[in-house]
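Undergrad: coordinates only, no sequence provided:
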C-alpha cells in the first residue's frame, strides 16, 4: 500500500509516481487539512504519472498547494490542497454522533461475499461471473465490509432495494508504520471507493447492474478533522441527496472506531444509464403518459 501512494522527487516541485495499481472497476490509476480534486482523464497504470506542485501560499498557520498530474503531456488530474498547523489554545469543538452499526468483525468482506456466492449459486450471468472472479483475483489493498447487506440476487443482478444511504467499514489489509501522513494519504485513497455508488443505489441500482452504463468520479473533496490510522477500522457513513442529468452527488463522514469524526467527504460523479436502459425507460414513460392522456379524455 505504501508503494502505491509514494512519489519520487525528480526536480524542484516535480515528482514521479513510484508504483501504480489499478483496482478492478477503476477506469485507470486510482487515486492535510482539506483538498479538492478534479478527475479529468483516466490514468494509465503502465506509464508513470508526473506530478507538478505549485506553491500557492505559505502563511503562519496555513499553506496552499496546487498539484497537477500528467501523462503523455496531458493533464489528467488537478488538486488544490490546504495544510494547517495545529491550533493552540482553547478552541470550539463539536461533532455529530457516529451511527450505531454492526461490528466490522461480524461482517463478511466484499471478497468473502463474492467467494460465497460463487460457491453456492449457479448464476447464468456471464457478466456477473466475470466480475466476481476479477474481484476475487484482485489483490485488494483495502478490506471493505458493507454494513448494508444485499441478497445474492441483488448482488448478482445489481438491482437493489432503493436506499440513499450506505455504510461500510474499511482498513488496510496489513499493518502500517506510524507515519500519520501515510495514513492520511491512504484514507484519502480509500475514500473514493463506493462513494458515488450510493447515488446509484438511491435509484435501486448498483455498479454491478447491467442497466448502468457509466459510473466515474468527477471531483472529490475532503476535510481532515483529526488524525486516524488507516490500519484500524474506520466507518464510512455515506448519503446521496440528488441524482439528475446523468450525475449524482454524495456526502460522506468517516469515523474512527472510537466514534471520532476524522474526515468529511463530498463527491460528484457520472451516474449514467446504458443506451438500452434509457430507451426502455423512455418507452415506458411514453406509454404511461399516453395512458394517462386517454384517461383524462374519457373523464
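TA: Good, I have the coordinates. Quantities reported herein were computed from a predicted structural model and do not represent experimental measurements.
Undergrad: now do the same contact list for the residue nearest to residue 121 when sequence neighbours are not counted.
TA: Using CB to CB, 6 or more residues apart in numbering and skipping the chain neighbours, the partner closest in space to residue 121 is residue 152 (5.5 Å). Placement of C-beta: from N, CA and C, glycine included. Residue 152 makes contact with 117, 120-121, according to CB atoms under 8 Å, 6 or more residues apart in numbering.
Undergrad: and if you look at residue 242?
TA: Listed by CB under 8 Å, 6+ apart, the contact set of residue 242 reads 199, 248-249.
Undergrad: quick one: what helix or strand has residue 183 in it?
TA: In the assignment (DSSP states H and E), residue 183 maps to helix 180-191.
Undergrad: quick one: mean pLDDT over the helix or strand following that helix.
TA: Remark: after helix 180-191, the chain's next helix or strand is helix 197-201, criterion DSSP H and E. In this model, helix 197-201 has a mean pLDDT of 97.
Undergrad: please apply the same query to stretch 176-190.
TA: Across stretch 176-190, pLDDT averages out at 94.
Undergrad: ok, stretch 204-212 next?
TA: Mean predicted confidence for stretch 204-212 is 92.
Undergrad: what about that stretch, how long is it end to end?
TA: Stretch 204-212 has an end-to-end distance of 11 Å (CA to CA, to the nearest Å).
Undergrad: okay, buried residues for it please.
TA: Neighbour counts over stretch 204-212 (16 or more other CB atoms under 10 Å) mark 205-206, 208-209, 211-212 as buried.
Undergrad: closest to residue 237 among those residues?
TA: Each of the buried residues of stretch 204-212 was scored against residue 237 by CB to CB, and residue 206 proved nearest at 17.9 Å.
Undergrad: isn't that closest one right next to residue 158, touching?
TA: Yes: Residue 206 is within contact range of residue 158, at 4.7 Å (criterion: CB atoms under 8 Å).
Undergrad: now list whatever residues contact both of the two.
TA: With CB under 8 Å, 6+ apart as the test, residue 206 and residue 158 both reach residue 212.
Undergrad: export the buried residues of stretch 204-212 to a markdown table and tack on distance to residue 76 and secondary structure?
TA: Below are these laid out as a markdown table (distance: CB to CB, whole Å; DSSP: H, G, I helix; E, B strand; the rest coil):
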| residue | distance to residue 76 | secondary structure |
| --- | --- | --- |
| 205 | 28 | strand |
| 206 | 27 | coil |
| 208 | 26 | coil |
| 209 | 28 | coil |
| 211 | 28 | coil |
| 212 | 23 | strand |
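Undergrad: turn these into a markdown table, including distance to residue 163.
TA: Output for those, formatted as a markdown table (distance: CB to CB, whole Å):
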| residue | distance to residue 163 |
| --- | --- |
| 205 | 11 |
| 206 | 10 |
| 208 | 15 |
| 209 | 14 |
| 211 | 16 |
| 212 | 16 |
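Undergrad: which one of the residues you listed is nearest residue 279?
TA: For the buried residues of stretch 204-212, the nearest to residue 279 is residue 211 (11.4 Å; CB to CB).
Undergrad: before we move on, back to that, between the buried residues of stretch 204-212, which is closest to residue 226?
TA: residue 206 (31.1 Å).
Undergrad: what residues does that closest one make contact with?
TA: Counting by CB under 8 Å, 6+ apart, residue 206 makes contact with 150, 154, 158-160, 197, 200, 212.
Undergrad: for it, phi and psi?
TA: Note on residue 206: backbone dihedrals following degrees, to the nearest 10 are phi -130, psi 180.
Undergrad: now swap in residue 260 and tell me
TA: Taking degrees, to the nearest 10, you get phi -80, psi 130 for the backbone angles of residue 260.
Undergrad: if we ignore the residues flanking it in sequence, what's nearest it?
TA: Spatial nearest neighbour of residue 260, chain neighbours left out: residue 226 (5.7 Å); criterion: CB to CB, 6+ apart.
Undergrad: could you do residue 133 as well?
TA: residue 118 is the one closest to residue 133 (CB to CB, 6+ apart), at 7.7 Å.
Undergrad: returning to that earlier point: who wins on neighbours among the contacts of residue 242?
TA: Using other CB atoms under 10 Å as the neighbour criterion, residue 199 leads these with 28 neighbours.
Undergrad: just confirm that one contacts residue 240, I think it does.
TA: Yes: if you go by CB under 8 Å, residue 199 and residue 240 touch, sitting 4.1 Å apart.
Undergrad: what touches both of those two?
TA: Common contact partners of residue 199 and residue 240 (CB under 8 Å, 6+ apart): 248-250.
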